[in-house]
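Asks: how would this look folded up:
(2 chains)
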Amino acid sequence: MDTASLCTVEKRGRVHIITLTGGGEHRLGPALLSAIRSAVAAVRATPGAGALVIAAEGKYFSNGFDQAWARTAPRHLHTSMEGAFRGLVADLLALPMPTVAAVTGHAAAAGCVLALAHDTVVMRASRGFLYMSEVDAGLKIVDFFAELIRQKVPDAVTRRDLLLRGDKMTAAEAVRRGIVDAAVDGGVDDVVTAAVQAAEALAAKGWKGEVVAEIRKSMWPALWRKVKDHGADAPARARL
Amino acid sequence: MCTLEQRGRVFVLTLTGDGEHWLGHSLIGSIRSALSSVAAAGPGAALVTVAEGRFFSNGLDIGWTGGSRARLGELVQALRPLAADLLALPMPTIAAVTGHAAAGGFLLALCHDYRLMRADRGVFYMSEIDIGLPLPPYFVAVLRAKITAAQALRDVILRGKKLRAAEAKEMGIVDVVCPSAAETAAEAIKLAEQLAARKWDGSVYSSIRISLYPEACRSVGIAEESDEEKRKHFASKL
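Replies: Down below sits the predicted model:
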């Protein structure tokens, strides 16, 4: 598979935007995860990069793990998909610049976790849900998913509604409950523009990148502990 | 002491009689018995716990302890596995708080996924600070899991605030406020039916609840599954 076509990277001022391309569900399988992680690494290595936005084309931000792939893959490889996603979360937590998720469409299960793994979340108002679909799909929730939700969704009632009731949360509802920072009217491009604006404002603060990363990891220590061994920073020997 | 009936997909556990539903060995044992029979139900079930009379439950049977710390310790230890039964129950759980819920009774209500409460009467009251008793660690773990607003938690535990339904709702402790006991019970059953209709797999529901409240579950003695066991389950579902 041509991984270069799975996501694109562009620069607008100090902001680097990774876009999951195409009108599909952006299922987080090994190929897409590898493409995103490569793109994140490239942004990290770019001198003068001030902030990262992750966005998507089409109706979906991401509809979660690639179960179709997993159905055909040998079981020992399933952990590689989960491990690669754990690594992506680690890479985002360790990124030496502010991160903004442009939730341009539905974000379900691992897709929802990906969105919430960013510092700031802006979401399309007119379409798309945050949806922890696991309870409806009959799937259990692994520790770092639960830890991320616990850290990013501190209110007990909201957490319960998301995880135990599988609520499909619109942008307005998510803003009201304090999970998402802004609901943006209009289409995908408007959401990306808003995300870039937010990212540019954060980049303009001129924060030292390494400090941003250290402070972020220290804010979410339990989550960082659960994912760090899979990140790009992990010593090669220990990397899983 | 308690009855269990099934109405369609909903199991209704009723704490019977007009008394204070003191949580002593007898009532705890009866409730645990009822819950174990319910746990065997297939997917698409739900539990409602309701009480007759002026009390949901006034907590551990302090009268029976007669001032004996050993006896009090026994009751604290006896309630812990009941809390575990509820936190691990493989179906949605709803407490229809139709009267006062104090101390262990408050805890019992908190161990359910949802709480509906009557507006006109009854309070939630964590009375330990007023009585002069420290809170058992597992009580605190459940309170911290379910009451996440810092001032709400402080008011409940450290100030012994008595909460009526409206205030409890503002604090995120109660989900729905109903005008009377009868409506509280009726709405609870309706909610139970809606949740049961989602046809959730009971063991998955229970597993997700444990991931949602890991410290509380650990403190009542529930062991969380390993990620490896969860992955095996994921593979089996493909």
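
Asks: from here on, contacts and neighbour counts on C-alpha atoms
Replies: Noted.

Asks: where's residue 79, which helix or strand?
Replies: Chain wasn't specified; assuming chain A. helix A:78-93 (DSSP states H and E).

Asks: that's the other chain; I wanted chain B
Replies: Per DSSP H and E: helix B:69-88 holds residue B:79.

Asks: Which elements pack onto that helix?
Replies: helix B:25-38, helix B:62-65, helix B:202-212 (3 or more Cα pairs under 8 Å, 6 or more residues apart in numbering or on different chains; DSSP states H and E).

Asks: how about 10 Å then?
Replies: helix B:25-38, helix B:62-65, helix B:104-110, helix B:137-146, helix B:202-212, helix B:214-219 (3 or more Cα pairs under 10 Å, 6 or more residues apart in numbering or on different chains; DSSP states H and E).

Asks: Partner strands of the helix or strand following that helix, with direction?
Replies: Later in the chain than helix B:69-88, the nearest helix or strand by DSSP H and E is strand B:93-97. Applying DSSP bridges to the sheet, strand B:93-97 is found paired with strand B:46-51 (parallel), strand B:114-118 (parallel).

Asks: Could you tell me the angle between the longest one and helix B:202-212?
Replies: With axes from the mean of the first three to the mean of the last three Cα atoms, to 10 degrees defining the directions, strand B:46-51 sits at 70 degrees from helix B:202-212.

Asks: cool, the shortest one as well?
Replies: Note on geometry: by the same axes, to 10 degrees, strand B:114-118 and helix B:202-212 are set 80 degrees apart in direction.

Asks: what about residue A:9, how many residues close to it?
Replies: 17 (other Cα atoms under 10 Å in any protein chain shown).

Asks: Can you spell out which residues form a bridge with it?
Replies: Legend: beta-bridge partners of residue A:9 under DSSP bridges are residue A:18.

Asks: so it touches residue A:20, yeah?
Replies: Yes. Assessed by Cα atoms under 10 Å, residue A:9 is found in contact with residue A:20 at 9.2 Å.

Asks: Tell me where the model's unsure across chain B.
Replies: Scanning chain B with the threshold set as pLDDT under 70 gives no residue ranges.

Asks: Make JSON lines out of the strands paired with strand B:93-97 and add mean neighbour count.
Replies: JSON lines is the format used below for those (neighbours: other Cα atoms under 10 Å in any protein chain shown):
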{"stretch": "strand B:46-51", "mean neighbour count": "28"}
{"stretch": "strand B:114-118", "mean neighbour count": "27"}
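
Asks: Confirm residue A:54 sits in a strand?
Replies: Yes. Assessed by DSSP: H, G, I helix; E, B strand; the rest coil, residue A:54 belongs to a strand.

Asks: Look up the residues forming beta bridges with it.
Replies: residue A:18, residue A:101.

Asks: Determine the number of other residues adjacent to it.
Replies: So residue A:54, with other Cα under 10 Å, has 27 neighbours.

Asks: Let me see the contact set for it.
Replies: Counting by Cα atoms under 10 Å, 6 or more residues apart in numbering or on different chains, residue A:54 touches A:7, A:9, A:16-20, A:36, A:40, A:61, A:99-104, A:114-115, A:118, A:121, A:192, A:195-196.

Asks: Now do it against residue B:197, distance only.
Replies: Residue A:54 sits 37 Å away from residue B:197, taking Cα to Cα, to the nearest Å as the criterion.

Asks: how close does the closest residue to residue B:27 other than its chain neighbours sit to residue B:186?
Replies: Nearest residue to residue B:27 in three dimensions, chain neighbours excluded: residue B:1, at 6.0 Å (Cα to Cα, 6 or more residues apart in numbering or on different chains). In this view, residue B:1 and residue B:186 are 21 Å apart by Cα to Cα.

Asks: Can you name the residues of chain A that neighbour chain B?
Replies: Residues of chain A that fall close to chain B, judged by Cα under 10 Å from any Cα of the partner chain: A:67-72, A:74-76, A:78-79, A:82, A:134-147, A:149-150, A:154-161, A:163-166.

Asks: Looks like residue A:60 contacts residue A:26 (just checking).
Replies: Yes. Here residue A:60 lies in contact with residue A:26, judged by Cα under 10 Å, at a distance of 7.0 Å.

Asks: Overlap in contacts, these two.
Replies: Common neighbours of residue A:60 and residue A:26 (Cα under 10 Å, 6+ apart) are A:20, A:107, A:111.

Asks: And the helices and strands packed on helix B:69-88: which comes nearest residue B:122?
Replies: helix B:104-110 (11.5 Å; Cα to Cα).

Asks: if we can go back for a sec, which residues are common contacts for residue A:9 and residue A:20?
Replies: With Cα under 10 Å, 6+ apart as the test, residue A:9 and residue A:20 both reach A:36, A:54.

Asks: Tell me, please, the helix or strand in chain A that averages the lowest pLDDT.
Replies: Using mean pLDDT, DSSP states H and E, the weakest-scoring helix or strand in chain A turns out to be helix A:67-72, at a mean of 89.

Asks: Give me the contacts around it.
Replies: A:27-30, A:73, A:77-79, A:81, B:234-238.

Asks: repeat for stretch A:143-150
Replies: A:86, A:89, A:109-110, A:112-114, A:116-117, A:132, A:141, A:151-153, A:156, A:159, A:162-163, A:179, A:220, A:222-227, B:208, B:210-214, B:224-227, B:230.

Asks: Tell me, how many residues neighbour residue A:175?
Replies: Considering only other Cα under 10 Å, residue A:175 is surrounded by 18 other residues.

Asks: Averaged pLDDT, the strand or helix carrying it. What do you get?
Replies: Element membership of residue A:175 [criterion: DSSP H and E] is helix A:171-176. Averaged across helix A:171-176, the pLDDT comes to 97.

Asks: Ok, stretch A:21-28 next?
Replies: 96.

Asks: Centre of the chain to it, how far?
Replies: 14 Å (Cα atoms, centre = their mean, to the nearest Å).

Asks: and that stretch, which residues are buried?
Replies: A:21, A:25-28 (16 or more other Cα atoms under 10 Å in any protein chain shown).

Asks: Let me have those in JSON lines, extended by secondary structure.
Replies: Output for those, formatted as JSON lines (three-state DSSP):
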{"residue": "A:21", "secondary structure": "coil"}
{"residue": "A:25", "secondary structure": "coil"}
{"residue": "A:26", "secondary structure": "coil"}
{"residue": "A:27", "secondary structure": "coil"}
{"residue": "A:28", "secondary structure": "strand"}
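
Asks: Do a quick rundown of the strands in chain A.
Replies: Counting by DSSP state E, chain A has strands at residues A:7-12, A:15-20, A:51-56, A:60-62, A:99-103, A:106-108, A:120-124, A:130-131, A:168-169, A:182-184.
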